[in-house]
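no FASTA, just this:
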């Protein structure tokens with residue numbers, strides 16, 4: 001039996017709560033591409049207007065540090081602050097590309113939707129196979145996402161039935177849940193599954209997601225290292241880090 005599977009047994013874990021982008025589906029890279037396209041064009045335009053040279057978004061550093069795993073508008077605000085830029089908040093109904101936090105966030109979402117339609121959704125086969133094994137043994141399952149596109153992605157990948165519950169960006173906004181590294185979204189998923197945090201394991205590829213799992217007092221927090229960030233995940237509090245899910249039952 002693998003270290004992960006044995007640990008789940010040893011800690012009496014009854015439920016698995018997985019982040020969608022980067023753990024279940026390969027959409028984290030699509031999000032990153034959409035963010036880079038939006039921000040690089042905006043920074044170039046603003047720089048030309050101001051006579052300044054703004055550094056473009058670096059996926060390996062900026063995306064991980066300021067954007068990955070958190071609500072869209074928080075990502076806009078965080079990254080712009082790293083470049084010394086503050087914009088009006090605006091409103092979710094702002095026109096796409098309007099020079100507000102919401103307007104730029106809406107533009108990013110349009111780019112994401114375009115890429116999704118163009119390339120489709122690929123799931124991580126190791127995750128899907130492992131989840132199917134765990135469900136056959138009676139494990140409860142939920143998926144969470146800071147994205148408001150969660151349901152569309154699940155259906156596009158054909159994996160919606162793998163999860164009993166989902167909590168996404170739309171529901172978080174409606175319920176007033178705080179974004180990661182606050183544990184709100186994970187705690188809500190556990191509540192819907194009817195388990196205590198100590199009975200649930202969290203699976204995250206983002207540093208802020210790992211921090212959220214630890215802050216929520218969950219029984220096990222597993223970092224999924226798809227992008228060679230094992231040290232960052234460990235430093236954020238992951239109990240263990242794996243590069244892929246085990247194939248053995």
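Noted; the coordinates are in hand. Quantities reported herein were computed from a predicted structural model and do not represent experimental measurements.

and the nearest residue to residue 60 once chain neighbours are set aside, what does it touch?
Spatial nearest neighbour of residue 60, excluding adjacent residues (C-beta to C-beta, 6 or more residues apart in numbering): residue 227 at 8.0 Å. Just so you know, the C-beta spots here come from the backbone N, C-alpha and C atoms, and that holds for glycine as well. Neighbour list for residue 227: 22, 28, 60, 64, 205 [criterion: C-beta atoms under 8 Å, 6 or more residues apart in numbering].

Lowest-confidence entry in the residues you listed?
Ranked by pLDDT, these bottom out at residue 28, which scores 86.

Now the buried members of the contacts of residue 227.
22, 28, 64, 205 (16 or more other C-beta atoms under 10 Å).

Excluding chain neighbours, what is closest to the last one?
Okay, so that is residue 205. Nearest to residue 205 is residue 22, by C-beta to C-beta, 6+ apart, at 3.7 Å.

Ok, residue 119 next?
residue 30 is the one closest to residue 119 (C-beta to C-beta, 6+ apart), at 6.9 Å.

for residue 67, same thing?
Counting by C-beta to C-beta, 6+ apart, the residue nearest residue 67 is residue 75, at 3.9 Å.

Residue 80 now?
With sequence-adjacent residues excluded and distances taken as C-beta to C-beta, 6+ apart, residue 80 is closest to residue 87, at 6.3 Å.

re the thing from before, mind checking which of the contacts of residue 227 land in strands?
Using DSSP state E, no member of the contacts of residue 227 falls within strands.

now the residues you listed as CSV including distance to residue 8?
Shown next, in CSV, are the contacts of residue 227 (distance: C-beta to C-beta, whole Å):
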residue, distance to residue 8
22, 21
28, 24
60, 31
64, 27
205, 18
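
and of those residues, the nearest to residue 13?
Nearest to residue 13 among the contacts of residue 227 is residue 205, at 19.0 Å by C-beta to C-beta.

In helices, which of the buried ones among the contacts of residue 227 appear?
residue 28 (DSSP state H).
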